[in-house]
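>>> show me how the following folds:
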Amino acid sequence: MNNILKKLSIFFRDNFKDASEDAEFLFIPYSIFSMIFFVAFYAANGLGCKFYEQEVFGLRLLSILLCVLLSLKNYWPVKCQYLKIYIWYLLLVITIPTFDFYLTLVNSFDGFVLMDFFVGIFQIMILTNIFTGFILVLSGVLLSTTIFSCVYDIKVIKFSSLFVHDIIYTVYVAIFSAFLLYLREKSRKYKLNAAENLANVIAHEMRTPLRTIASYAQIIKRYLPKLIENNIVISKYIVKNPEITNELRLEYIDPENYKTLYDSINTIREETKNSFLVIDMILMQISIKSNFDQSVSLISIKQLIEDSIRRYNFFPSEKTLLHLNIISDFLLLGNSTLLLHVIFNLFKNSLYIIKKYNKGAIYIWTNHNRKYNELHFRDTSMGIKSDMLPFIFNSFFSSKNCSSGLGLSYCKQVMESIHGKIECRSEYGKYTEFILYFPFVTPN
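Numbering: from 1, shown residues only. Okay, here's the model as predicted:
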């Protein structure tokens with residue numbers, strides 16, 4: 001029984017989460033449009049355009065306030081950003097099925113308001129998906145019916161003459177909408193699976209040439225000092241014997257270019273390292289959905305940090321930037337490979353920004369609160385601009401040129417897959433701090 005409830009809970013969570021992520025770009029436009037719609041219809045109905053007899057001012061005002069609240073989500077404090085999904089679903093329930101069906105009830109199923117309710121059903125299905133839309137419509141209908149029964153006597157409802165016809169039309173709209181959405185959802189999943197399979201193949205195929213490039217870069221780096229040493233000898237010989245040099249056409253590398261040669265090799269190594277990291281994250285994002293449940297284990301946070309430092313490809317100068325303060329070790333339940341790449345990604349972002357602005361260091365420490373164990377990861381470089389902060393966990397969002405924009409989105413997916421979360425706090429010009437929240441677990 002517990003297993004069935006757990007699977008149902010995961011099914012509900014995944015459906016609602018997927019629907020909100022797909023529609024996140026609509027949060028602000030939909031809120032603004034709905035707010036204008038509610039105000040305009042109220043004004044028009046009051047000025048003599050009698051679309052319906054009975055007004056529902058309380059629900060209309062609540063709908064407008066929710067629209068205003070969500071339309072300003074980019075100005076919410078960072079710690080409140082997680083509430084946007086809950087406000088979105090509350091907005092959908094109140095503004096569409098609750099408001100429309102309550103208006104239908106108080107106007108005795110008048111043809112115009114009933115048609116508005118039908119359109120609302122179709123609209124909510126488009127904004128979410130079949131399952132989520134059905135739950136939201138059902139919730140709104142039950143809520144509006146409950147409110148109506150508390151305010152009025154249910155017997156006062158007088159059905160219009162078109163009621164039977166409207167019921168038939170409602171069923172038709174619901175079935176047709178569900179069918180279209182089913183086809184759209186099936187097509188979307190097919191394309192998503194095809195894209196994931198293609199990404200998987202490309203990622204695996206790219207590893208071989210990248211390994212070759214990295215290997216040859218390492219070989220060049222190994223022999224470069226000897227080549228430069230020989231070049232110095234040749235340059236001295238050329239200075240002393242110009243006539244022989246002209247005859248043999250000897251050339252040498254200008255000493256000013258030695259540093260450029262070393263930097264080129266280091267750049268190749270760094271770019272291949274970053275490419276491997278992106279490939280790993282693509283493969284790990286696919287494995288989050290397919291392999292997570294089969295590969296979880298108890299992990300020490302101290303051991304995880306030590307492994308990530310040991311395995312990440314730091315340059316010698318970069319390790320001096322790390323400052324660890326893991327006073328209290330704790331256990332977490334998760335996939336060690338996925339979590340290692342979360343730490344790798346945070347290292348990569350911090351080292352990039354420190355190198356770009358030539359300032360800062362990385363501080364890592366642990367803490368806890370009443371609900372979670374915490375891992376804090378702070379760099380004291382440039383920070384993130386406040387207008388960018390709400391979007392950093394969105395897929396494909398990046399402030400860097402030639403960046404995939406997958407890194408922090410990947411981190412968020414991994415943390416949510418273990419029922420944790422990740423937050424970012426930043427003050428532009430001073431610091432950026434990521435906090436990873438892990439649920440409490442015990443050795444048993």
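
>>> so after whichever strand or helix holds residue 365, what's the next helix or strand?
For residue 365, the host element (DSSP states H and E) is strand 362-368. Sequence-wise, the next helix or strand downstream of strand 362-368 (DSSP H and E) is strand 372-379.

>>> show me where the stretch 201-350 of the chain has strands.
Using DSSP state E, counting those that start in this stretch, the strands of the stretch 201-350 of the chain run over 297-300, 322-325, 331-334.

>>> confirm that residue 29 sits in a helix.
Yes. Read with DSSP: H, G, I helix; E, B strand; the rest coil, residue 29 is one of the residues of a helix.

>>> what's the neighbour count on it?
Residue 29 is flanked by 10 other residues according to other CB atoms under 10 Å. Where C-beta positions appear, they are placed from N, C-alpha and C, glycine not excepted.

>>> looking at this protein, which helix or strand is least sure?
Least confident helix or strand, the chain: helix 242-248 with a mean of 58, by mean pLDDT, DSSP states H and E.

>>> rewinding a little: using PDB, write down the CA coordinates of the strand holding residue 365.
Output of strand 362-368 as PDB, limited to C-alpha atoms (Å, rounded to 0.1, in the frame of the first residue of the first chain):
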ATOM      1  CA  ILE A 362      36.200  29.700  -2.900                       C
ATOM      2  CA  TYR A 363      34.900  28.900   0.500                       C
ATOM      3  CA  ILE A 364      33.100  25.600   1.300                       C
ATOM      4  CA  TRP A 365      31.400  24.700   4.600                       C
ATOM      5  CA  THR A 366      28.600  22.700   6.100                       C
ATOM      6  CA  ASN A 367      25.700  23.700   8.300                       C
ATOM      7  CA  HIS A 368      22.200  22.500   9.100                       C
END
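
>>> quick one: contacts of that strand?
The contact list for strand 362-368 (CB atoms under 8 Å, 6 or more residues apart in numbering) reads 301, 305, 321-330, 347, 350-351, 354, 373-380.

>>> point out the most buried one among the strands of the stretch 201-350 of the chain.
strand 331-334 (a mean of 20; mean count of other CB atoms under 10 Å).

>>> neighbouring strands of it in the sheet, and parallel or not?
Using DSSP bridges, the strands paired with strand 331-334 are strand 297-300 (antiparallel).

>>> run the chain-centre distance for the partner strand.
25 Å (CA atoms, centre = their mean, to the nearest Å).

>>> check stretch 421-440 too.
How far stretch 421-440 lies from its chain's middle: 15 Å, per CA atoms, centre = their mean.

>>> next, the buried residues of it.
Going by neighbour count (16 or more other CB atoms under 10 Å), the buried part of stretch 421-440 is 422-426, 431-438.

>>> for these, which one is nearest residue 151?
The nearest member of the buried residues of stretch 421-440 to residue 151, counting by CB to CB, is residue 423 at 41.9 Å.

>>> ok so, going back, can you say which of the contacts of strand 362-368 are buried?
By neighbour count, with 16+ other CB under 10 Å, the contacts of strand 362-368 hold 301, 305, 321-322, 326, 330, 347, 350-351, 354, 373-375, 377-380 as buried.

>>> can you pull the poorly scored residue ranges out of the stretch 301-444 of the chain?
Low-confidence segments of the stretch 301-444 of the chain (pLDDT under 70): 395-405, 443-444.

>>> so where do the helices sit in it?
Using DSSP state H, counting those that start in this stretch, the helices of the stretch 301-444 of the chain run over residues 301-311, 316-319, 336-357, 407-417.
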